[in-house]
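A.B. asks: Need coordinates for the below:
(one chain, ligands or ions: 1)
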Amino acid sequence: MSLQDLLSANPVVPVVVVDSAQEGVGVGRALVAGGITTAEVTFRTAAAADAIRAMSEIEGLTVGAGTVVNPAQVEAAVAAGAQYIVSPGLSAEVVRATQEAGVISLPACTDGSWIMAALALGLDTVKFFPAEASGGIATIKALSAAFPGLRFMPTGGVSAANLADYLSVPVVAACGGSWMVKKDLVKAGAWEEITRLSAEAVAIAKECGR
Ligand code: 3PG
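C.D. replies: Model (predicted):
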């Protein structure tokens, strides 16, 4: 799968934190039922690789790994079936390990220096994290003026309330966020609510022509 295919099929990329593979499968099924066809499973818990492996069995779900901060996690994520790797910052060694594994790399950049490092690694799309705390759409537009052709995946502070604003910006390839898979919903097994919030996000994206 190419980056372009991934993000055009998934204008909303849920950032998932789970403590077990079983929780991950519950979340994954609830997302798919709501029309979201990907999940970024973060390496913030020890269950990440097991969850990626189990969720990769869900029909119609493309599973990636998030919060990947070193090459060992890239290796574990790819071995578990992750099709893309997202990081909260840019590490050349993480990007290279991801490229060598043949999967999609989405490191975060919030300023020109890091964007130049990303371009040097051959990337044309970066995560913009933490989006709202880094100036949101105004910063994306300012950076975009300096780096034509670059696309962004803003994440961090994106929600149903501002999703349409972000997706209305042409250089925004997709938005990441945890609002439809909040920890309390996952812990409560509130799958119907996750499905409802997912469907709401998909509807907003459709209204934006995504
Ligand atoms: C991330 O790692 O991308 C963020 O934790 C997601 O941010 P949010 O919780 O504000 O959506």
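
A.B. asks: Only C-alpha atoms from now on, for both contacts and neighbour counts.
C.D. replies: Noted.

A.B. asks: what is the rounded mean pLDDT of the lengthiest helix in the chain?
C.D. replies: Ranked by residue count and defined by DSSP state H, the top helix of the chain is helix 191-207. What helix 191-207 shows for mean pLDDT is 98.

A.B. asks: Ok, stretch 43-51 next?
C.D. replies: 98.

A.B. asks: Buried residues in it, which are they?
C.D. replies: Phe43, Ala47, Ala48, Ala49, Asp50, Ala51 (16 or more other C-alpha atoms under 10 Å).

A.B. asks: Put the alpha carbons of the longest helix of the chain into CSV.
C.D. replies: What follows is helix 191-207, C-alpha atoms only, in CSV (Å, rounded to 0.1, in the frame of the first residue of the first chain):
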residue,chain,number,x,y,z
TRP,A,191,-17.8,-0.3,21.2
GLU,A,192,-21.1,1.2,20.1
GLU,A,193,-20.0,4.7,21.1
ILE,A,194,-16.6,4.2,19.3
THR,A,195,-18.6,3.2,16.2
ARG,A,196,-20.9,6.2,16.6
LEU,A,197,-17.9,8.7,16.9
SER,A,198,-16.2,7.0,14.0
ALA,A,199,-19.2,7.3,11.8
GLU,A,200,-19.5,11.0,12.8
ALA,A,201,-15.9,11.5,11.8
VAL,A,202,-16.3,9.8,8.5
ALA,A,203,-19.4,11.9,7.8
ILE,A,204,-17.5,15.1,8.5
ALA,A,205,-14.7,13.9,6.2
LYS,A,206,-17.2,13.2,3.4
GLU,A,207,-18.7,16.7,3.8
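
A.B. asks: for it, packing partners?
C.D. replies: Helix 191-207 sits against strand 12-16, helix 21-33, helix 163-167, helix 183-188, with contacts defined as 3 or more C-alpha pairs under 8 Å, 6 or more residues apart in numbering; DSSP states H and E.
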